[in-house]
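[1] Here's my sequence, what's the structure:
(one chain, ligands or ions: 2)
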Amino acid sequence: MARHSIKSQILHHAVIYVFAVFSGSTSSACSAVPNNSAANAVQTRDDKKDVAALRTAIRKIEPYFKPMGPPAAYDWLGSHNEAGQTFEQYLDSKPTRPTADRKKIYVLPLGKFDTRQQKVISQTADYLEVFYGLPVTQMPAVPFSAVHPNVRENRFTHTRQVKSGYILKDVLPPMLPKDAAAMIAFTADDLYPDDTMNYVFGQASLDDRVGVWSLFRPKDLDTGKFLRRTLKIAAHETGHMFSMRHCTKFECVMSGTNQLAETDRRPIDACPECMAKICWISDEDPKKRYERLAAFCRKNGLTAEAAEFDRKANSVA
Ligand SMILES: [Zn+2]
Ligand SMILES: [Zn+2]
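    Ligands and ions are numbered 1, 2, ... in the order given. Predicted coordinates:
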């Protein structure tokens, strides 16, 4: 999909459709980011000072990240020519950012989940709060069932899928709180965007401030892998909702992914350039943010990541 072809939607789909058709693969992909709504851009602080301090922090944590190498077979950058986005380019793009009236992230469990899925959703809500430095509210689960014409049987897997656009347009908007910067719904159902696509991980509407992401594909017998995948997808998609483009400078949670194997290789963290964007939109101190991320990881059994966040916190001090 062309980089600016969708104004208001972020679509994570089987972009390499030909590959998906011939192989019947579960290959999935991550599309480019839409244009921003300049009307949402609010810059109210002494940005020059903030930007200089964040640029200094960027340099201090660069050694912790792996520069993006040549793409492996079927990797995102093998089929998408993306330029990346520095911190300064992000600022120049007049990004969508939270405002005083709309600064909460809401997490909505849509439908039924087993105990393990419920736990991962709660952990992901906690992660988004420390990752973005914004208040996150987990809403009570709401019943959800979809019927024809908003469901289909996948031609390869013969499993049931729900049309993501139906959830975005008809299901979520009536439930959107007024103070939401974004409302992210999770579903256990597999999703598809339209009849030409095999499936999507998730989809978001910037104009409506809603997104839906499926736990169907990321699920794994290994609970740690399932958790890491869900954290990465949620952090990545929420970044798009704040106008962050795909990252090409480092292996980064904001880098595009074509397949779960590629997602698995990526860190749960944002690279230095993307860290600065996050700290800028939430007016967050990098050291405090890393300390909170380390505490989250320790609490949730992500030992290696906790140690890494501790090192980054010490480096930016
Ligand atoms: Zn993406
Ligand atoms: Zn990045």
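
[2] Write out the residues of the stretch 201-317 of the chain neighbouring ligand 2.
    Cys247, Cys252, Met254, Cys271, Cys274 (CB under 5 Å from the ion). C-betas here are computed from N, CA, C, even on glycine.

[3] Of the residues you listed, just the buried ones, ChimeraX syntax please.
    Of these, the buried ones can be selected in ChimeraX as follows, counting by 16 or more other CB atoms under 10 Å:
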select :247,252,254,271,274
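
[4] Just to be sure, which of the residues of the stretch 201-317 of the chain next to ligand 2 are found in helices?
    Mapping these onto helices (DSSP state H) picks out Cys274.

[5] Including distance to Gly239 and pLDDT, could the residues of the stretch 201-317 of the chain next to ligand 2 go into TSV?
    Output for these, formatted as TSV (distance: CB to CB, whole Å; pLDDT from 0 to 100):
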residue	distance to Gly239	pLDDT
Cys247	9	95
Cys252	10	97
Met254	5	96
Cys271	11	97
Cys274	7	98
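
[6] and which of the residues of the stretch 201-317 of the chain next to ligand 2 is nearest Phe216?
    Taking CB to CB as the measure, Phe216 lies nearest Met254 of these, at 22.7 Å.

[7] Do I have it right that the closest one meets Ala270?
    Yes - using CB atoms under 8 Å, Met254 makes contact with Ala270 at a distance of 6.0 Å.

[8] hey, what's in contact with both of those two?
    Gly239, Cys247 (CB atoms under 8 Å, 6 or more residues apart in numbering).

[9] ranges for the helices of the stretch 201-317 of the chain?
    223-241, 260-265, 272-282, 286-299, 303-316 (DSSP state H, counting those that start in this stretch).

[10] winner for burial among the ones you listed?
    Mean neighbour count (mean count of other CB atoms under 10 Å) peaks for helix 272-282 among the helices of the stretch 201-317 of the chain, with a mean of 24.

[11] which residues touch it?
    So helix 272-282 is contacted by 47, 50-51, 54-55, 57-59, 61-62, 65, 84-87, 90-91, 95, 97-98, 131-134, 239, 242, 244, 247, 249-250, 252-254, 269-270, 284-286, 289 (CB under 8 Å, 6+ apart).

[12] Produce a PyMOL select command limited to the buried residues of the residues you listed.
    To isolate the buried ones among the contacts of helix 272-282 in PyMOL, judged by 16+ other CB under 10 Å, type:
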select buried, resi 54+57+58+61+65+84+85+86+87+90+91+95+97+98+131+132+133+134+239+242+244+247+249+250+252+253+254+269+270+284+286+289
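
[13] Provide a list of residue ranges in this protein with pLDDT below threshold.
    1-46 (pLDDT under 70).

[14] Give me the distance between the residue sitting furthest away from the middle of it and ligand 2.
    What lies farthest from the middle of the chain is His148; by CA atoms, centre = their mean that is 28.8 Å. From His148 across to ligand 2, the span is 41 Å (CB to the ion, to the nearest Å).

[15] just checking, His240 touches Gln203?
    No - judged on CB under 8 Å, His240 makes no contact with Gln203 at a distance of 10.4 Å.

[16] Now do stretch 157-169: everything it contacts.
    9, 26, 110, 146, 149-154, 185, 187, 189-194, 199-200, 202-205, 208, 210-212.
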